[in-house]
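Enquirer: Structure of the sequence below:
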Amino acid sequence: MDAADLSDSGTPMTIASFASPMSASAVAMVDAPARLHLGFLDPSASLGRRFASLGLVINGMSTQVSVSASECDAIEVPADCGNEVRERLARHLAALRTETGMLAPLHVVLHRSPPAHAGFGSGTQLALALGRAFSACHRLDLETRRIAALLARGGRSGVGIAGFDRGGLLLDGGPGVEGATPPLLARMAFPQAWRVLLVLDEQRDGLHGAEERVAMERLAPFPRELAAELCHQVLMRVLPGAMESDFEPFAEGVSTLQRLIGDYFAPAQGGSMYTSPAVERVLEWIRPRYCAGIGQSSWGPTGFAILPTAARAAEIIAAARAAGVVDPALRLVVVAGRNHGAQLDDRPSSPWGGCGSA
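Expert: Alright, predicted model coming up:
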């Protein structure tokens, strides 16, 4: 251990040794954006490097977490989140404390979040939002990649981590040596006029946890020629289309990427590129009638149609409903891309009343 790692008394120094004292009246609020996972480029590492992800950060489905000083620990979540989210926050909080040595009681509130296991990357955004709020509340300077590694996020895709910092349309290069966080290869602004029609089936969950790991292990090797085709579509259609606001090649590239990677994952989803038959019905009705970038985010069940304008999105929703292809259980939402990352509001607040108070 270097001399710089010791305090004057000779004891080891932790991150807490360098942090400023936490203000008893401070609250740190973080608003973290959702992302759509548009597809992997090489799930089987045909050239030695696995995955690589294309993703889009969106408005309208953000995660909001606040952290403030308290008389005793308390974690609050919305009633519809259940114990799973509360327990996940508790585990993340424990990991952050172990890493930093900051043990003061905290009041953690999850104010809102998108549906879990629906394709929005909610688990990563929950972890990063808590980590950033914890860091700000203690006046630490924890980088996003460090928070992600500490809380075991970004094992396959890096677009949620990069999206938390920067927003926009993102391409990562897949995990590095020994699972290092995927490097960001390209980031560009998503055209302001374009919109995303989200088709949500909130009665279903996408694969996650142990079931997801088993499904990934059972998939056949992804052919190298298909990986090359996906890279070709992204490099020569999707990225230049977004950069030049040229919608048609962008949409065709996204749809081709989704069809090819969706067919590969179909055996794990009942034989379809979609988890939800109701979502499939809507999007496959749109496909032959409109120019749109169509697919499913991650394991779904959320599907999407990327469209050139808000007016076109409204037109399609009305036409689909009139055609009777929208199941009453579905929720259709139109959102814009989000070209900035998470937002931190670090401000004084009124004193909190203690355990159990709102």
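Enquirer: How about residue 132: what's its closest non-neighbour residue?
Expert: residue 30 (4.9 Å; Cβ to Cβ, 6 or more residues apart in numbering). The way it works is simple: take the backbone N, C-alpha and C, and place the C-beta from them, glycine included.
Enquirer: and if you look at residue 124?
Expert: residue 160 (3.8 Å).
Enquirer: that older thread, quick one: strands adjacent to the helix or strand the residue nearest to residue 132 falls within?
Expert: Using DSSP states H and E, residue 30 sits within strand 26-42. Strand pairing for strand 26-42, using DSSP bridges, gives strand 51-69 (antiparallel), strand 343-348 (antiparallel).
Enquirer: what stretches of the stretch 201-350 of the chain score poorly on pLDDT?
Expert: Scanning the stretch 201-350 of the chain with the threshold set as pLDDT under 70 gives 347-350.
Enquirer: what ranges do the helices span in it?
Expert: Ranges of helices within the stretch 201-350 of the chain are 209-218, 224-233, 239-243, 247-265, 277-286, 310-322, based on DSSP state H, counting those that start in this stretch.
Enquirer: Roughly how far does the spatially most central residue of the chain sit from residue 156?
Expert: What sits nearest the mean C-alpha location of the chain, by Cα atoms, centre = their mean, is residue 121, with 2.9 Å. The gap separating residue 121 from residue 156 is 11 Å, by Cβ to Cβ, to the nearest Å.
Enquirer: can you check residue 282 too?
Expert: Counting by Cβ to Cβ - residue 282 and residue 156 are separated by 28 Å.
Enquirer: which one of these two has more residues nearby?
Expert: Neighbours were counted for residue 282 and for residue 156 using other Cβ atoms under 10 Å; residue 282 has more, 27 against 19.
Enquirer: on that earlier part again, what helix or strand is the residue nearest to residue 124 located in?
Expert: helix 159-166.
Enquirer: For that helix, what is the distance to the chain centroid?
Expert: The chain centre lies 8 Å from the centre of helix 159-166; the measure is Cα atoms, centre = their mean, to the nearest Å.
Enquirer: Name the next helix or strand downstream of that helix, please.
Expert: strand 169-172.
Enquirer: Quickly run through the sheet partners of that next one, with directions.
Expert: Under the criterion DSSP bridges, strand 169-172 sits next to strand 51-69 (antiparallel), strand 184-188 (antiparallel) in its sheet.
Enquirer: how about residue 130, what does it touch?
Expert: 30, 65, 67, 89, 92-93, 96, 108 (Cβ atoms under 8 Å, 6 or more residues apart in numbering).
Enquirer: redo that, cut-off 6 Å
Expert: Counting by Cβ atoms under 6 Å, 6 or more residues apart in numbering, residue 130 touches 65, 92.
Enquirer: three-state assignment of it?
Expert: Three-state assignment for residue 130 (DSSP: H, G, I helix; E, B strand; the rest coil): helix.
Enquirer: which one of the strands paired with strand 26-42 is the most hemmed in?
Expert: strand 51-69 (a mean of 23; mean count of other Cβ atoms under 10 Å).
Enquirer: going on from it, what's the next piece of helix or strand?
Expert: Later in the chain than strand 51-69, the nearest helix or strand by DSSP H and E is strand 74-76.
Enquirer: Now that residue 58 has come up, it's in contact with residue 335, right?
Expert: Yes - in this structure residue 58 lies within contact range of residue 335 using Cβ atoms under 6 Å: 4.9 Å.
Enquirer: any residues in contact with both of those two?
Expert: With Cβ under 6 Å, 6+ apart, residue 58 and residue 335 have common neighbours residue 196.
Enquirer: Residue 147: what's its closest spatial neighbour, skipping adjacent residues?
Expert: residue 131 (3.5 Å).
Enquirer: hang on, that neighbour packs against residue 149?
Expert: No - with contact defined as Cβ under 6 Å, residue 131 does not count as touching residue 149 (10.4 Å).
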